[in-house]
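Novice: sharing a model prediction with you, sequence too.
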Amino acid sequence: VSTVQVAVPAPLRYALVYRSDPDSQTPVVGARVLVPLRNRTVLGVVAAATASAQPKLKTIAQVLDTEPAITPEIFRVASWCSDYYHHALGEVLQTALPGYLRRAVPLPPPREFRYRATDRGARSVDSLPTGATVQRRVLEALVNAGSDGLSGEAARQLTTRSADVLRRLEAREFLQRDEVPINCVPLEGREHPPELTAAQAEAVEGIGGTASYATFLVNGVTGSGKTEVYLRLLADVVEHGRQGLLLVPEISLTPQLIERLRRRLSGRLAVLHSGLTDRERHRAWWLARQGDADIVLGTRSAVFTPLPRLGMIIIDEEHDLSFKQQEGFRYHARDVAVKRAQLKNIPIVLGSATPSLESLGNVERGRYQEVRLPDRTGEASLPTVHLVDLGRDAIRTRLGRREQVLVFVNRRGFAPVLYCVDCSWHSGCHRCDARMTLHRRSRQLRCHYCGSSIAMPSRCPQCGGEDLRPLGEGTQRVEEALAHQFPDARIVRVDSDVASGKGRLEETFQRVRRGEVDIVVGTQMVSKGHDFPDVTLVCVVNADGGLFSLDFRAPERLSQQLIQVAGRAGRAERHGEVMIQTLFPAAPQLIRLQRHDYNGFAAEEMRERREAHYPPYAYLVLLRAESVRADDALRFLTDAAVAGKPHLEACADGAVSLMDPVPSPMERRAGRYRAQLLVKATRRESLHRFVRDWLASCERLPLARRVRWAIDVDPTDMV
Ligand code: ADP
Ligand code: ZN
Ligand code: ZN
């Protein structure tokens with residue numbers, strides 16, 4: 001019998017073997033198939049064709065693809081991910097597939113059309129026979145839509161018989177039908193590029209002259225022209241008939257960036273991000289896979305886009321946390337991209353003004369080549385940074401000069417919490433160990449971890465006292481305080497509450513750029529990728545949160561955030577200023593930031609990490625567990641630690657050590673109790689060997705089925 005191994009979407013560490021239908025051809029590796037699994041039918045991917053003598057195999061229900069949905073290149077990347085992240089291949093492959101293809105639909109996207117009324121159609125609306133009401137309604141809608149016409153989707157909403165009606169109208173030449181290539185932005189490449197600075201030219205030459213695998217870290221201050229370097233490199237890639245993959249954090253995928261690519265490059269651009277519908281994403285993916293897109297611009301999961309002519313990968317803002325998936329298959333898109341480049345033997349470029357210490361560690365070890373862009377281009381100088389108690393006068397001066405001010409609220413741990421002056425009651429979430437934050441407009445208390453919300457109480461639930469006050473500095477409070485202080489200023493707030501309305505974020509940013517706003521109050525969301533040429537003053541409220549934190553990465557995050565936000569000031573000809581509000585103006589970290597010395601900060605921080613045996617001088621794996629019953633998670637981890645001891649000895653080289661299991665810093669979340677167990681290692685190979693054996697033992701533990709548990713390789717979030 002001809003049999004195949006199928007990777008199914010289930011937490012299994014092995015592919016399952018099925019018999020292929022004797023009447024049809026054996027499916028190719030990478031093809032999607034429907035297979036029976038227990039009492040369901042699931043969509044899996046063929047992992048290998050094998051010969052097996054097992055008699056009682058189940059048969060594949062349906063082969064969906066004649067060519068691989070997962071191309072051989074992506075298959076290799078996914079297999080590596082499955083090994084490296086110790087995650088089921090079937091689940092990795094589901095992540096690599098566009099959502100649309102996780103259903104039993106054909107591989108190529110259905111064709112889509114746009115319909116426009118012809119002149120003849122426009123002249124004939126009134127002469128259609130009165131009996132043809134539906135035709136008339138559709139034709140009228142088309143005429144009203146003018147030269148833009150209607151999408152197939154819009155036409156389908158007009159009548160249930162749209163296919164039939166449209167066909168008839170077309171037969172009478174009343175309408176014209178054009179196939180739409182959605183998601184493909186034609187690039188114009190008309191704009192004349194600026195002359196490169198010496199540092200940029202050196203970077204472009206060094207990287208562009210590399211034909212085989214190498215990882216470059218472009219370490220350049222904000223405004224030093226990193227994006228310009230990417231544009232040159234991508235133009236060169238396209239000119240040589242290859243495809244370029246540009247990955248950015250969700251937050252910096254802005255229309256401005258697309259516009260810059262459009263003006264400068266030629267060819268076709270496909271954009272892949274989470275804001276698209278499944279259908280749109282699939283179409284963009286298809287263009288890339290067919291080799292029809294020259295540049296693919298996307299966020300995290302776009303790292304799995306099949307690109308037959310791939311010539312270079314660029315990761316902008318490589319330090320950004322959003323490249324790491326924090327649920328399920330916890331991969332880091334940057335690290336996957338580096339592996340992909342290595343397998344494909346092409347160069348990869350990581351860029352940042354504030355590189356992650358992991359990447360700097362790889363530079364130190366000679367694995368990555370560092371390229372520095374130390375200066376801002378042209379006239380723009382780095383802003384002057386002051387460590388102060390928030391300066392009211394500085395804001396007033398800017399407003400008087402009709403310049404813009406950006407007030408950055410570092411909200412981590414500083415959301416406004418309601419508390420009672422009489423008995424010091426705090427608004428806690430009943431399902432998590434978290435404070436609920438106050439949302440004044442909606443008069444609600446909301447938990448940012450589990451989403452619970454309750455109406456804001458008017459009296460203290462504990463003592464009945466009436467003096468309830470907000471504590472902490474949320475964006476809303478800062479906005480209110482500024483409005484009170486500067487009643488004539490036009491203020492906008494940018495945070496996740498505002499941004500959840502689709503399109504509103506970009507609309508707000510456009511108002512800022514048009515000069516219709518005087519003060520922008522915002523969170524992380526304003527700190528990246530957006531160019532506000534008229535902002536000359538940036539104020540940072542409450543910078544201190546990151547100075548004292550349990551997470552060993554907190555100082556790195558704080559520095560990255562402050563440097564990024566400071567980079568928003570004075571990007572045009574006017575000099576910018578930054579005011580950082582702190583209770584600790586003598587903290588060495590802040591003083592280095594004042595000098596824009598991220599690299600100095602990083603060097604000092606690396607020394608501390610080396611001494612404490614933390615990444616990049618050690619490798620971490622976190623075993624996370626959560627349970628409904630209070631002690632199960634911790635007990636499971638305690639058992640897991642015991643089960644790990646013999647494997648530790650078997651690895652026998654002392655390179656791996658198990659810490660004690662502990663409750664997570666936020667123990668209760670959404671009603672579940674969470675605990676974690678940290679594994680530290682000095683050598684990666686030993687770590688992976690250990691984890692593989694250890695997980696197999698963990699699966700056999702009595703509590704393994706009662707507790708939700710998962711392994712997180714290279715964890716970035718320890719909370
Ligand atoms: P980064 O990505 O490092 O923040 P950008 O590439 O966006 O920097 O460059 C910052 C600004 O300087 C942009 O407005 C860009 O158009 C301009 N710029 C970049 N390189 C040059 C150059 N060689 N000559 C003149 N202007 C440049
Ligand atoms: Zn009280
Ligand atoms: Zn909660």
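Specialist: Cool, the structure landed. Numbers count the residues shown, from 1 in each chain. Ligands and ions are numbered 1, 2, ... in the order given.
Novice: quick one: contacts for residue 222?
Specialist: Taking C-beta atoms under 8 Å, 6 or more residues apart in numbering, we find residue 222 in contact with 353, 376, 563-564, 566-568, 571. Glycine gets a C-beta too; all of them are placed from N, C-alpha and C.
Novice: again, only this time at 7 Å
Specialist: 353, 564, 567 (C-beta atoms under 7 Å, 6 or more residues apart in numbering).
Novice: from those residues, which would you call buried?
Specialist: With burial judged by 16 or more other C-beta atoms under 10 Å, the buried subset of the contacts of residue 222 is 353, 564, 567.
Novice: quick check: pLDDT value at the first one.
Specialist: Confidence at residue 353, expressed as pLDDT, is 92.
Novice: phi and psi next, for it.
Specialist: Per-residue torsions, residue 353: phi -90, psi -20 (degrees, to the nearest 10).
Novice: and residue 26, how far from residue 278?
Specialist: 29 Å (C-beta to C-beta, to the nearest Å).
Novice: now render the buried ones among the contacts of residue 222 as a markdown table, adding distance to ligand 1.
Specialist: Putting those into a markdown table (distance: C-beta to the nearest ligand atom, whole Å) gives the following:
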| residue | distance to ligand 1 |
| --- | --- |
| 353 | 7 |
| 564 | 10 |
| 567 | 7 |
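Novice: and this protein, which residues reach ligand 3?
Specialist: Counting by C-beta under 5 Å from the ion, the residues of the chain close to ligand 3 are 429, 431-432, 447, 449-450, 452.
Novice: the nearest residue in space to residue 681 that is not next to it in sequence: neighbouring residues, count only.
Specialist: Using C-beta to C-beta, 6 or more residues apart in numbering and skipping the chain neighbours, the partner closest in space to residue 681 is residue 687 (3.7 Å). The local packing of residue 687 (other C-beta atoms under 10 Å) involves 21 other residues.
Novice: just the buried ones among the contacts of residue 222 now: which is nearest residue 130?
Specialist: residue 564 (64.7 Å; C-beta to C-beta).
Novice: any residues of this protein in contact with ligand 1? List them.
Specialist: Within the chain, the residues that sit near ligand 1 (C-beta under 6 Å from any ligand atom) are 194-197, 200, 220, 222-228, 377-378.
Novice: how close does residue 631 get to residue 227?
Specialist: Distance, residue 631 to residue 227, by C-beta to C-beta: 52 Å.
Novice: can you add distance to residue 465 and give the buried ones among the contacts of residue 222 back as CSV?
Specialist: CSV is the format used below for the buried ones among the contacts of residue 222 (distance: C-beta to C-beta, whole Å):
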residue, distance to residue 465
353, 48
564, 42
567, 45
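Novice: list the contacts of stretch 243-253.
Specialist: Contacts to stretch 243-253, defined as C-beta under 7 Å, 6+ apart, come from residues 230, 234, 237-238, 257, 273-274, 293-299, 302-303, 305, 307, 309-317, 320, 322-323, 333, 337, 525, 528-529.
Novice: buried ones only from those, please, as a ChimeraX command.
Specialist: Selecting only the buried entries of the contacts of stretch 243-253 in ChimeraX, with 16+ other C-beta under 10 Å as the criterion:
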select :230,234,237,238,257,273,293,294,295,296,297,298,299,302,303,305,307,310,311,312,313,314,315,316,317,320,322,323,333,337,525,528,529
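Novice: please flag which of the contacts of stretch 243-253 sit within strands.
Specialist: In strands, judged by DSSP state E, the following of the contacts of stretch 243-253 are found: 295-298, 310-316.
Novice: if we take those residues, which one ends up nearest to ligand 2?
Specialist: residue 316 (48.9 Å; C-beta to the ion).
Novice: what stretches of the stretch 401-550 of the chain score poorly on pLDDT?
Specialist: Scanning the stretch 401-550 of the chain for pLDDT under 70 picks out the ranges 410-416, 448, 471-474, 496-503, 527-530, 542-550.
Novice: now the helices for it?
Specialist: Remark: helices assigned in the stretch 401-550 of the chain by DSSP state H, counting those that start in this stretch are 475-485, 496-499, 504-513.
Novice: find me the pLDDT at the closest residue in space to residue 99 that isn't next to it in sequence, would you?
Specialist: Spatially, and ignoring its direct neighbours in sequence, residue 99 is nearest to residue 278 (4.4 Å; C-beta to C-beta, 6+ apart). Residue 278 carries a pLDDT value of 87.
Novice: hmm, back to that, now a ChimeraX select for only the buried ones of the residues of the chain next to ligand 1.
Specialist: Typed into ChimeraX, the next command selects the buried ones out of those (criterion: 16+ other C-beta under 10 Å):
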select :196,197,200,220,222,223,224,225,226,227,228,377
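Novice: quick check: the gap between residue 708 and ligand 1.
Specialist: Distance, residue 708 to ligand 1, using C-beta to the nearest ligand atom, to the nearest Å: 41 Å.
Novice: swap that for residue 561, sorry
Specialist: 16 Å.
Novice: so residue 217 bridges to which residues?
Specialist: Residue 217 forms beta bridges with residue 350, residue 370, as assigned by DSSP bridges.
Novice: quick one: contacts for it?
Specialist: When contacts are counted by C-beta under 7 Å, 6+ apart, residue 217 touches 350, 355, 359, 363, 368, 370-371.
Novice: how about these, which pair is most distant?
Specialist: 359 and 371 (12.1 Å).
Novice: which of those two has more residues huddled nearby?
Specialist: residue 359 (25 against 22).
Novice: so that one belongs to a helix, correct?
Specialist: Yes: counting by DSSP: H, G, I helix; E, B strand; the rest coil, residue 359 is found in a helix.
Novice: thought it was touching residue 351?
Specialist: No: using C-beta atoms under 7 Å, residue 359 is not in contact with residue 351, being 10.2 Å away.
Novice: which neighbours do these two share?
Specialist: The contact lists of residue 359 and residue 351 share residue 318, where a contact means C-beta under 7 Å, 6+ apart.
Novice: which SS class is residue 568?
Specialist: coil.
Novice: would you map the helices across the stretch 151-300 of the chain?
Specialist: Using DSSP H, counting those that start in this stretch, helices in the stretch 151-300 of the chain cover 152-158, 162-171, 198-208, 226-239, 255-264, 278-289.
Novice: I'd like these written out as TSV, with distance to residue 640 added.
Specialist: Compiled in TSV, the helices of the stretch 151-300 of the chain are given as follows (distance: least, C-beta to C-beta, whole Å):
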stretch	distance to residue 640
helix 152-158	50
helix 162-171	58
helix 198-208	44
helix 226-239	43
helix 255-264	44
helix 278-289	38
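Novice: before we move on, back to that, which single one of the residues of the chain next to ligand 1 is nearest to ligand 3?
Specialist: So of the residues of the chain next to ligand 1, ranked by how close each gets to ligand 3 (C-beta to the ion), first place is residue 222, at 35.7 Å.
Novice: related to what we said a few turns ago, and residue 26 and residue 278? which has more neighbours close in?
Specialist: Counted by other C-beta under 10 Å, residue 26 and residue 278 do not tie: residue 26 has more neighbours, with 16 against 13.
Novice: start to end distance for stretch 123-130?
Specialist: 16 Å (C-alpha to C-alpha, to the nearest Å).
Novice: how many neighbours does residue 703 have?
Specialist: 19.
Novice: oh, I was asking about residue 133
Specialist: When counting by other C-beta under 10 Å, one arrives at 11 neighbours for residue 133.
Novice: before we move on, what about residue 288?
Specialist: Neighbours of residue 288 (other C-beta under 10 Å): 28.
Novice: give the contact list for it.
Specialist: 270, 296, 305-307.
Novice: can you list the residues you listed in TSV and add pLDDT?
Specialist: Putting the contacts of residue 288 into TSV (pLDDT from 0 to 100) gives the following:
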residue	pLDDT
270	92
296	96
305	98
306	98
307	98
